[in-house]
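Asker: have a look at this fold, sequence not included:
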């Protein structure tokens, strides 16, 4: 087995207010999970079920001041992660085990551009120079669906949409083709079309390289699409595990049946065609300047919103749908004038 959790336990350290002493609150209670080298395992459960804490233990990402792995063993290729030195952990983080985090805005460094951050695993673990890493970085940014990847190398995280930032995180995790990929809700910030591409990418790499993946999700439909096996967690315990087909077709635990049965039958009331207009937009355009050179002169524009028109009537809800980078958020900010318009030097509204 590539990964084995044996009676694994984890507890958060707590400070007792009255005495100033420390106590422990156990959040993972003796779980047992096994993963083969060529399989994708979905770890499924609600928020607070312990799935992320269990997954992050594979890289010991939590500070010892915050968490105590209070019992059991956790093996990766026969080596106990819980007894590894910090030097041993650094040698496998990003090389043998890659991780996609749920919230890229916290994980990405706001001071470094995306080329530097995506290339870092290649520089650290393969000894490549920045110039040698560049074509590989561009290749992976294209694979994860970042449009105009070569032109975006100098962009900083705040200049990307939420979905684009998540794609950069995915490229960083996969660029060294790790033996194990830990994916913590990796498609939460992505639209459905890119989500499908990312799931297919993870699946194809897993098949090509014999890579294993631990896919953390609260969505059983995603688990069914990508995983070979599923492990259902509730309140820090494994309540059911098995093949994805068995979990979906013959669930044994009541909690699993509850997760499968969640559905929404609510319908919105029909809009009134004669209701007065609450907002009207005609031929809205928002362009972002592209600057180059020492003097940062504007050489071209990115057309984020280009000629959008609509009318929203009182009592209606308007849904704006599209891929990441399609202009949805820019449109909303433009309606509230949350971005400054400065003619040729800033955001152009028309």
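Answerer: Done, it's in. Keep in mind that what you see is a predicted model, and the values were worked out from it rather than measured.
Asker: can you give me the neighbour number for residue 148?
Answerer: For residue 148, the neighbour count with other C-beta atoms under 10 Å is 12. Glycine gets a C-beta too; all of them are placed from N, C-alpha and C.
Asker: how much space between it and residue 40?
Answerer: Going from residue 148 to residue 40 by C-beta to C-beta, to the nearest Å gives 31 Å.
Asker: again with residue 299
Answerer: For residue 299, the distance to residue 40 (C-beta to C-beta) stands at 44 Å.
Asker: more crowded one of these two?
Answerer: Counting neighbours by other C-beta under 10 Å for residue 299 and for residue 40 shows that residue 40 has the greater number, 25 against 10.
Asker: what residues are bridge-paired with the more buried one?
Answerer: Note on residue 40: beta-bridge partners by DSSP bridges are residue 213.
Asker: pLDDT at it, what is it?
Answerer: Here the pLDDT value assigned to residue 40 is 93.
Asker: buried residues in stretch 37-48, which are they?
Answerer: By neighbour count on 16 or more other C-beta atoms under 10 Å, the buried set for stretch 37-48 is 39-45.
Asker: mind giving me the packing neighbours of the helix ranked longest in the chain?
Answerer: Longest helix in the chain, counting residues (DSSP state H): helix 192-209. Where contact means 3 or more C-beta pairs under 8 Å, 6 or more residues apart in numbering; DSSP states H and E, helix 192-209 is packed against strand 40-44, helix 162-174, strand 180-184, strand 212-217, helix 220-226.
Asker: next one: the following helix or strand past the last one to chain centre, how far?
Answerer: So that's helix 220-226. Using DSSP states H and E, the next helix or strand after helix 220-226 towards the C-terminus is strand 229-234. Distance of strand 229-234 from the chain centroid (C-alpha atoms, centre = their mean, to the nearest Å) equals 19 Å.
Asker: go on, stretch 49-59?
Answerer: Relative to its chain's centre, stretch 49-59 lies at 15 Å (C-alpha atoms, centre = their mean).
Asker: in this protein, which spans are strands?
Answerer: Secondary structure of the chain (DSSP state E): strands located at 3-15, 22-35, 40-44, 67-76, 79-80, 97-100, 180-184, 212-217, 229-234, 237-243, 277-292, 297-313, 348-349.
Asker: mind putting those strands in TSV, distance to residue 50 included?
Answerer: TSV is the format used below for the strands of the chain (distance: least, C-beta to C-beta, whole Å):
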stretch	distance to residue 50
strand 3-15	7
strand 22-35	4
strand 40-44	9
strand 67-76	12
strand 79-80	20
strand 97-100	17
strand 180-184	13
strand 212-217	11
strand 229-234	6
strand 237-243	8
strand 277-292	42
strand 297-313	41
strand 348-349	47
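Asker: looking at these, which is nearest to residue 335?
Answerer: Across those, residue 335 has its closest neighbour in strand 277-292 (7.0 Å, C-beta to C-beta).
Asker: can you spell out which helices and strands pack onto that closest one?
Answerer: Partner elements for strand 277-292 (3+ C-beta pairs under 8 Å, 6+ apart): strand 297-313, helix 328-336, strand 348-349.
Asker: mean confidence score for the last one?
Answerer: This points to strand 348-349. Strand 348-349 comes out at a mean pLDDT of 54.
Asker: and if you look at the second one?
Answerer: Confidence over helix 328-336 (mean pLDDT, whole number) is 82.
Asker: next one: stretch 290-309
Answerer: 84.
Asker: what residue lies at the spatial centre of this protein?
Answerer: residue 186 (2.9 Å; C-alpha atoms, centre = their mean).
Asker: list the contacts of the residue nearest to that residue when sequence neighbours are not counted.
Answerer: Excluding the flanking residues, the one nearest residue 186 by C-beta to C-beta, 6 or more residues apart in numbering is residue 100, at 4.1 Å. Residue 100 makes contact with 166, 169-170, 173, 181-184, 186, according to C-beta atoms under 8 Å, 6 or more residues apart in numbering.
Asker: by neighbour count, which of the residues you listed wins?
Answerer: residue 166 (30 neighbours).
Asker: wait, isn't that residue in contact with residue 186?
Answerer: Yes: proximity of residue 166 to residue 186 meets the contact threshold set by C-beta atoms under 8 Å, at 7.1 Å.
Asker: any idea how far residue 36 is from the residue nearest to the centre of the chain?
Answerer: Applying C-beta to C-beta to residue 186 and residue 36 gives a distance of 21 Å.
Asker: follow-up on the earlier one: what mean pLDDT does the longest helix of the chain have?
Answerer: 79.
Asker: what's that helix in contact with?
Answerer: Helix 192-209 is contacted from outside by 38, 40, 143-145, 163, 167, 170, 174, 177, 181, 183, 186-187, 190, 211-213, 215, 222, 225-226, 323-324, using C-beta under 8 Å, 6+ apart.
Asker: stretch 163-170 now?
Answerer: By C-beta under 8 Å, 6+ apart, the surrounding residues in contact with stretch 163-170 are 100-101, 104-105, 107-108, 114, 117-118, 141, 144-146, 157, 160, 186-191, 194, 198, 323-325.
Asker: now do stretch 36-47
Answerer: Contacts for stretch 36-47 (C-beta under 8 Å, 6+ apart): 1-2, 33, 35, 51, 54-55, 179, 202-203, 206-207, 210-218, 220, 222-223, 226-234, 244, 259.
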